[in-house]
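Asks: Quick one, structure for this:
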Amino acid sequence: MAFDCLNSESLSGFGWDGGNLLKNEIKHNLKWQIIEEVFFNEPLILLEDTNHSNELECRCVALGLTNEKQFVTVIFTQRKNKIRVIFARPMSKKERIFYENYTKI
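Replies: Numbering: from 1, shown residues only. Down below sits the predicted model:
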């Protein structure tokens, strides 16, 4: 597990793009409030998305739970001191198996 691209000591919230707010809700029925819950619930797995990161921007994947125990995958980056969500969706079967095995839920 690597999360070098996420400097949690300097985070001060979320930076949302208007298009992503609607896209996640329309496509996956995930409102921005629900997506943010994932970052405050345990267990949370943070991984660097090395396939989509580059020298200008590090992309990360968060695997976690909402307050209602929905399994969610969030793709995000850190811009300045804010988490910028790129997209979110329910976990795939493969991601859920990984999450459950890793966290022993």
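
Asks: for stretch 63-73, how far is the first residue from the last?
Replies: 5 Å (C-alpha to C-alpha, to the nearest Å).

Asks: Repeat that for stretch 73-89.
Replies: 6 Å.

Asks: Just the buried residues of it, please?
Replies: Residues of stretch 73-89 classed as buried under the neighbour-count rule (16 or more other C-beta atoms under 10 Å) are 73-74, 76-78, 82-86, 88-89. C-beta: built from backbone N, CA, C; applies to glycine.

Asks: Mind telling me what element the residue lying closest to residue 75 once chain neighbours are set aside is part of?
Replies: Distances taken as C-beta to C-beta, 6 or more residues apart in numbering place residue 86 nearest to residue 75, at 4.6 Å, with adjacent residues excluded. Using DSSP states H and E, residue 86 sits in strand 82-90.

Asks: same deal with residue 68?
Replies: Using DSSP H and E, no helix or strand contains residue 68.

Asks: Relative to residue 41, how far out is it?
Replies: 10 Å (C-beta to C-beta, to the nearest Å).

Asks: So which of these two has more stuff around it?
Replies: residue 41 (13 against 7; other C-beta atoms under 10 Å).

Asks: residues contacting that one?
Replies: By C-beta atoms under 8 Å, 6 or more residues apart in numbering, the residues touching residue 41 are 64-67.

Asks: same check, this time on residue 98
Replies: Contacts of residue 98 by C-beta under 8 Å, 6+ apart are residue 63.
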